[in-house]
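>>> Take a look and give me a structure for this.
(2 chains)
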Protein chains: 2
Amino acid sequence: MKKHNFYAGPSILPEFTKEKTAEAVMNFAGTGLSVMEVSHRSKEFVAVMDEAQALVKDLLKVPDGYSVLFLQGGASHQFLMAPYNFMNEKAAYLNTGVWSKKAIKEAKFFGEVVEVASSADANFNYIPKNFDVPKDVDYLHITTNNTIYGTQLSTEPKVDVPLIGDMSSDIFSRPIDVAKYDLIYAGAQKNLGPSGATLIIVKNDSLNKMERPIPTILKYQTHIDSGSMFNTPATLPVFASLQTLRWLKENGGIEAMEKVNIEKANILYDELDRNKLFTSTVPNKEDRSKMNVTFVMTPEYAELEKEFMEFATTKGMIGIKGHRSVGGFRASIYNAMPIASIKALVSAMQEFEKTK
Amino acid sequence: MKKHNFYAGPSILPEFTKEKTAEAVMNFAGTGLSVMEVSHRSKEFVAVMDEAQALVKDLLKVPDGYSVLFLQGGASHQFLMAPYNFMNEKAAYLNTGVWSKKAIKEAKFFGEVVEVASSADANFNYIPKNFDVPKDVDYLHITTNNTIYGTQLSTEPKVDVPLIGDMSSDIFSRPIDVAKYDLIYAGAQKNLGPSGATLIIVKNDSLNKMERPIPTILKYQTHIDSGSMFNTPATLPVFASLQTLRWLKENGGIEAMEKVNIEKANILYDELDRNKLFTSTVPNKEDRSKMNVTFVMTPEYAELEKEFMEFATTKGMIGIKGHRSVGGFRASIYNAMPIASIKALVSAMQEFEKTK
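Numbers count the residues shown, from 1 in each chain, chains lettered A, B, ... in the order given. Model prediction:
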């Protein structure tokens, strides 16, 4: 049976990424050695790192004056590094759910956190807008897509302070204006590659303005100075990420990807709005995520949840159980998710509806 | 031509590890999905993490009361985490070279570092012994094997303070008495797997005695409480590491491995002591590393260095250039290095000698 991989992360990757990675695990760049057993300082691996950084700059149109890094530790590690490097005394955070809250928790270690707005009042099912950001904060931190609640910022808030974005779950899914940000970070394990690599895009001029001493490995400048090789990078995850970047480039880049992502999301949201059994958990259409589509049984059919889960499983759906804090279902439809899988899910929903 | 992989790290891995990893990159545990695109919370990946932790405990005979973790960031990240979690005001470090010095640099961020001994006076070509450790330090930190200089501690120093060991380059190469340590850490990329995974073995009772607040992600306790899944682990590197652990178990475990490692190292050191062209950089035989064999041209043949490098390359030797701070050559002969490759290197040295 064909499997449809809706995992929220680590999550579906292009066939191209899988095939090239499997190949390089056995024989990397014609060396006869595995990509796992080659020095990160070998010319073959240095070429991987260089091309990956260059492709990120190309695909996201990163302006001059920014550095691209591949570090370890995921977004959770960036929750620490961002304030360590950017927060003197006070920073602003937009609270759009669990991941924002984790970022806020770490930031509080370094000073005062102003929570400029929160959608906690409705279990984070919308994106707060029209909030004020104090002028004296060091930055505003946003989580651009919220995997658990299926919400996504449709655009950056207009602010006069530096902007930091956790884009773990929607980077490369749509064009972004990098110039608006001092720092962008993203764990690889949604739209890029396997977990273990973390993409950083940082504005060089924004660094080294802190009085706080920063441990060597937690300084962005350390990693910029060493071309992302201060310590041994996660070579295999970086190699796999490069394959996805090549695939993105080959398939028309970010603009083409966004077009398909809109089409994919519409197919699923249209069905949720039509099918009497299911309801999107995000009422404001503009706040609905194009990466994670969260939905529940419509209240009068609430008792069918378990039955639909079982039915969907027999149809090859994997990873569609919603996060426990929202319940119901979640279909994560990242870049690599084919339209065919989304149509298969919609078919399953329609078939199930007919039996009721 | 058969390649002989003498890279210092990332470095040679068992064929078993490569084959099983390549297979799982395409189809993991019969899921039809790649190990790269499966949730770390899926039952299939949780089984990987559980088995890896259990095999580490089994192979190293880890006593009760210790936790085994797979984190990210490599040893360099542990240079920070160790003092963050264990150093109140003062800690002792044995300085056996570059990696010790990096660990010392980070520790100084937290308080006073007592360098109990150093072999800097002879470019770290020996292991200092008979040093005193102040009784009031929080721990003594040692680097058990020094890749750059080809030295290795033959045994733990006898101390009355807690011991912390960076075993990145010799873990699983010989039995260790874990009970002597409060903390052992090791980047995976020598004897375990690809870079991106970091093995931690920590004594539970030794933690949480600090007054210093510790950021969530830098606390060992955070990762113990969440079974090494506080943040998404580097799933692919952990999977590959598990394959190496299975291979170790299948091949008789650590004791069998040590026997072979001694045999392998002896073949190479015997040749260095015999061949008039080459000289080991480590005069004290007991300090010679069984993982990294460093050597230079004997002074009267110094001008032959480049020629031998070229000659060895034509014989399939890869990664034998010595680190710039020692010069000459380095043959890293980790667990997965077959005796045949060491014999091939010895043959090349003998063949080269005959032409001179």
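
>>> got the residues of the stretch 101-250 of chain A near chain B?
Contact residues, the stretch 101-250 of chain A versus chain B (C-beta under 8 Å from any C-beta of the partner chain): A:102, A:105-106, A:109, A:187, A:189, A:193-197, A:213, A:215-218, A:230-237, A:240. Yep, even glycine has a C-beta here, placed from its N, CA and C like the rest.

>>> List buried residues within those.
Buried residues within those, counting neighbours by 16 or more other C-beta atoms under 10 Å in any protein chain shown: A:102, A:106, A:109, A:187, A:189, A:193-197, A:215-218, A:230-237, A:240.

>>> coming back round to it: restricted to strands, list the residues of the stretch 101-250 of chain A next to chain B.
A:G187 (DSSP state E).

>>> For A:L345, which three-state class applies?
Judged by DSSP: H, G, I helix; E, B strand; the rest coil, the three-state class of A:L345 is helix.

>>> ok, now how distant is it from B:A186?
In this view, A:L345 and B:A186 are 43 Å apart by C-beta to C-beta, to the nearest Å.

>>> State which helix of chain A is the longest.
Counting by DSSP state H, the longest helix found in chain A is helix A:253-274.

>>> Report the mean confidence score over stretch A:269-289.
If you average the pLDDT over stretch A:269-289, you get 98.

>>> can you check stretch A:21-35 too?
Averaged across stretch A:21-35, pLDDT comes to 97.

>>> Same question for stretch A:131-144.
98.

>>> Could you check it and say which residues are buried?
Buried residues in stretch A:131-144 (16+ other C-beta under 10 Å): A:133, A:137-144.

>>> next one: stretch A:40-57
For stretch A:40-57, using 16+ other C-beta under 10 Å, the buried residues are A:40, A:42, A:44-45, A:48-49, A:52-53, A:55-57.

>>> Please apply the same query to stretch A:16-32.
For stretch A:16-32, by 16+ other C-beta under 10 Å, it's A:16-18, A:20-22, A:24-26, A:28-29, A:31.

>>> and that stretch, how far out from the chain's middle?
Distance of stretch A:16-32 from the chain centroid (C-alpha atoms, centre = their mean, to the nearest Å) equals 25 Å.

>>> Please apply the same query to stretch A:86-100.
17 Å.

>>> sorry, back to before: could you dump the buried residues of stretch A:40-57 into a markdown table and include secondary structure and pLDDT?
Formatted as a markdown table, the buried residues of stretch A:40-57 follow (DSSP: H, G, I helix; E, B strand; the rest coil; pLDDT from 0 to 100):
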| residue | secondary structure | pLDDT |
| --- | --- | --- |
| A:H40 | coil | 97 |
| A:S42 | coil | 96 |
| A:E44 | helix | 97 |
| A:F45 | helix | 98 |
| A:V48 | helix | 98 |
| A:M49 | helix | 98 |
| A:A52 | helix | 98 |
| A:Q53 | helix | 98 |
| A:L55 | helix | 98 |
| A:V56 | helix | 98 |
| A:K57 | helix | 98 |
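
>>> Most widely separated two among those?
A:S42 and A:K57 (22.9 Å; C-beta to C-beta).

>>> and A:A91, how far is that from A:K276?
45 Å.

>>> more neighbours, those two?
A:A91 (27 against 10; other C-beta atoms under 10 Å in any protein chain shown).
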